[in-house]
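# Quick one: sequence plus predicted model below, questions after.
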Amino acid sequence: MALMLSLSFASAFVPPAVLRTASPVERAVAPMMSDHPVGRREMFSKVMGSAALLSVASTANAEIDYAGVGFLGGSSTIDVNNANIRVYAKLPGMYPNAAAKMVKFSPYKSAAEMYTKAQFTATEAATVKKYESRLIFLEPRPEYQVDMLNNGRTVDSSSLNALQAS
């Protein structure tokens, strides 16, 4: 009983707010720019996107276009070392036989080397000679050399036979 009496005297000196049952405490929230909170994943993706944008800006000096792209079939002049086989279909008599041999044995440094390496028949050589003024021999580029023969399309049987025969 003495204990209760001493507690009652002590409670006289404690502010009433402390004695009440505590209501749930809410955490203070840091100020935000918008009304909805941003999740970690969203924040991470935004930071990574910004970093990617900044890294792309630093590589802007890289070569984007091939200077000879016009000679790959978009003009009357054809780059023999980089043009796709389908370019020669525009030239009567070249596709599929002579064109297939030209593409198969490329690259060439000159027209003379092309005639030697491609092993044209007399008819094919005459046909190629007819268009020789339209052919140029630029430095081979690996990104175009890969698809010179097929370009992701099915090769027709006559072109395939020409390649197998040589």
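Nice, thanks for sending it over.

# how about the helices in this structure?
Ranges of helices within the chain are 2-11, 16-19, 40-58, 97-104, 111-118, 122-131, 142-145, 157-165, based on DSSP state H.

# Mind pulling the model confidence for M114?
In this model, M114 is scored at 94, pLDDT.

# Chain neighbours aside, what residue packs nearest to it?
Y108 (4.2 Å; CB to CB, 6 or more residues apart in numbering). From N, CA and C alone the C-beta is placed, and that goes for glycine too.

# quick one: contacts for the one you found?
Contacts here follow CB atoms under 8 Å, 6 or more residues apart in numbering; on that basis Y108 touches 80-81, 114, 117, 137.

# Would you tell me which one of the residues you listed comes nearest to S45?
N81 (43.7 Å; CB to CB).

# My read is that that closest one contacts F137, right?
Yes: counting by CB atoms under 8 Å, N81 touches F137, with 5.8 Å between them.

# With neighbour numbers in mind, choose between these two.
Per other CB atoms under 10 Å, whichever of N81 and F137 has more neighbours is N81, with 24 against 17.

# Adding distance to L91, write the contacts of Y108 out as a markdown table.
Converted to a markdown table, those look like this (distance: CB to CB, whole Å):
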| residue | distance to L91 |
| --- | --- |
| V80 | 12 |
| N81 | 17 |
| M114 | 15 |
| K117 | 19 |
| F137 | 17 |
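
# What is the nearest of those residues to Y144?
Out of the contacts of Y108, the member with the shortest distance to Y144 (by CB to CB) is N81, at 8.3 Å.

# how many other residues sit next to R134?
Neighbours around R134, by other CB under 10 Å: 13.

# Now do the contacts for it.
By CB under 8 Å, 6+ apart, the contact list for R134 reads 76-78, 91.

# low pLDDT regions in the chain?
By pLDDT under 70, the low-scoring segments of the chain are 1-36, 53-66, 70, 145-166.

# please redo it, this time with the cut-off set to 80
1-40, 43-74, 142-166 (pLDDT under 80).

# Could you report the distance from I85 to F71?
Separation of I85 from F71 (CB to CB, to the nearest Å): 15 Å.

# and if you look at G49?
38 Å.

# Neighbour count: the two, which is higher?
Between G49 and F71, counted using other CB under 10 Å, the more crowded position is F71 (22 against 10).

# Pull the contacting residues for the nearest residue to that one once chain neighbours are set aside.
Nearest non-adjacent residue to F71, counting by CB to CB, 6+ apart: D79, 3.7 Å away. When contacts are counted by CB under 8 Å, 6+ apart, D79 touches 68, 71-72, 136-138.
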